[in-house]
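Engineer: What follows is a predicted structure for the sequence shown.
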Amino acid sequence: MKPPPIKPGHALLERLLDNYPEDDLPLDLGACAIALPHRPSLRIETVQSELDRLASESVLKSSDPADFQATLDSVRRTLFEKHGFNGNEEDYYAPDNSFLDAVLTTKKGIPITLSVIFIEVARRAGVPMFGMALPCHFVVGCFQGEKLRVFDPFHGGIERTVEESIELVHLLSGGSVTIGREHFQPTPPSTILTRMLMNLRGIYQSRNLADKLIPVLEQILILNPNESSLHGELALNLATRGDL
């Protein structure tokens, strides 16, 4: 029997886990690994070049590239005003909204993918930012001194206070979810990548697309090998496809 073919996205994800601590996984490469099984023509160097270009443009247009505030403002203007990155409210559950290369092209996506772009462009421009996985939503934060600042890439990169963000989550959940300030903590990159995959899992489950769902489940298990229930779900989908 021939060994199963090597899956580039899976191999990349495994290499990242071998070479980086889980709390320091590169989000750009991790997001490319997620997209590769579904978009085999993806070129990682093309994605990274576009992120580099957006960061360089932001630095060039900053009134003072050495100043945190000036460069942060320039990154926001570049992404959300000049290039028009925004949430895809018309087709929220389209799988392409979860794929980094697609969102860099269409400028539309879901909160978490837009957040990855914001974080990666800001990092390249010298502004450290982090993702925050809230119930029903995903935002980006940074510390300026001791002050936590919160930005919403899905809504044009608008800055919100923590209190406004709490109210938004309450609204998005239909009043069923109440959160507090303790929810506004940096989310580890491995958890961000898992959440991206869980979004795709929900989409492909709802459409009964076993062929698409299988690589998603495999990658979730690469990141979270002890999720026993997902092993059963993967086996069931492999059997549905005739692989068991």
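Structural biologist: Looks like it arrived, so ask away. Numbering: from 1, shown residues only.

Engineer: only C-alpha atoms for contact and neighbour calcs from this point on.
Structural biologist: Fine.

Engineer: give the contact list for residue 221.
Structural biologist: 227, 230, 231 (Cα atoms under 8 Å, 6 or more residues apart in numbering).

Engineer: Run a quick neighbour tally on the last one.
Structural biologist: The local packing count at residue 231 equals 15, with neighbours defined by other Cα atoms under 10 Å.

Engineer: gap between it and residue 205?
Structural biologist: Using Cα to Cα, to the nearest Å, residue 231 is found at 15 Å from residue 205.

Engineer: same check, this time on the first one
Structural biologist: In this structure, residue 227 lies at 18 Å from residue 205, with Cα to Cα as the measure.

Engineer: Is the spatially closest residue to residue 68 that is not a sequence neighbour part of a helix or strand, or is it coil?
Structural biologist: Nearest in space to residue 68, with sequence neighbours left out and distances taken as Cα to Cα, 6 or more residues apart in numbering, is residue 127 at 6.5 Å. When classified by DSSP: H, G, I helix; E, B strand; the rest coil, residue 127 comes out as coil.

Engineer: need the contact list for residue 127.
Structural biologist: Contact analysis of residue 127 by Cα under 8 Å, 6+ apart lists 68, 71, 72.

Engineer: possible to save the residues you listed as JSON lines with neighbour count and pLDDT?
Structural biologist: Shown next, in JSON lines, are the contacts of residue 127 (neighbours: other Cα atoms under 10 Å; pLDDT from 0 to 100):
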{"residue": "68", "neighbour count": "16", "pLDDT": "92"}
{"residue": "71", "neighbour count": "24", "pLDDT": "96"}
{"residue": "72", "neighbour count": "22", "pLDDT": "97"}
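
Engineer: For this structure, which strand extends over the most residues?
Structural biologist: As assigned by DSSP state E, the longest strand anywhere in the chain is strand 137-144.

Engineer: I'd like the list of the contacts of residue 221 that fall within strands, please.
Structural biologist: Going by DSSP E, the strands hold none of the contacts of residue 221.

Engineer: Which one of those residues is nearest to residue 103?
Structural biologist: Using Cα to Cα, residue 230 is the member of these that lies nearest residue 103, at 27.8 Å.

Engineer: Tell me the confidence at that closest one?
Structural biologist: Note for residue 230: predicted pLDDT of 94.

Engineer: What of the one 10 residues further on?
Structural biologist: Looking at residue 240, its pLDDT stands at 81.

Engineer: can you start the count at 11 instead of 1 from here on
Structural biologist: Will do, 11 is the new start, and the previous item becomes residue 250.

Engineer: Any idea how far the host helix or strand of it is from the middle of the chain?
Structural biologist: Using DSSP states H and E, residue 250 falls within helix 238-251. The chain centre lies 25 Å from the centre of helix 238-251; the measure is Cα atoms, centre = their mean, to the nearest Å.

Engineer: try stretch 102-118
Structural biologist: Offset of stretch 102-118 from its chain centre (Cα atoms, centre = their mean): 10 Å.

Engineer: What residues sit buried inside the one helix or strand in the chain whose mean pLDDT sits lowest?
Structural biologist: Lowest on mean pLDDT, DSSP states H and E among the helices and strands of the chain sits helix 238-251, with a mean of 90. Using 16 or more other Cα atoms under 10 Å as the test for burial, helix 238-251 gives 240, 244, 246, 247, 248.

Engineer: Could I get the contacts of residue 137 in CSV, plus columns for secondary structure and distance to residue 111?
Structural biologist: As requested, those are exported to CSV (DSSP: H, G, I helix; E, B strand; the rest coil; distance: Cα to Cα, whole Å):
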residue, secondary structure, distance to residue 111
78, helix, 27
81, helix, 24
82, helix, 23
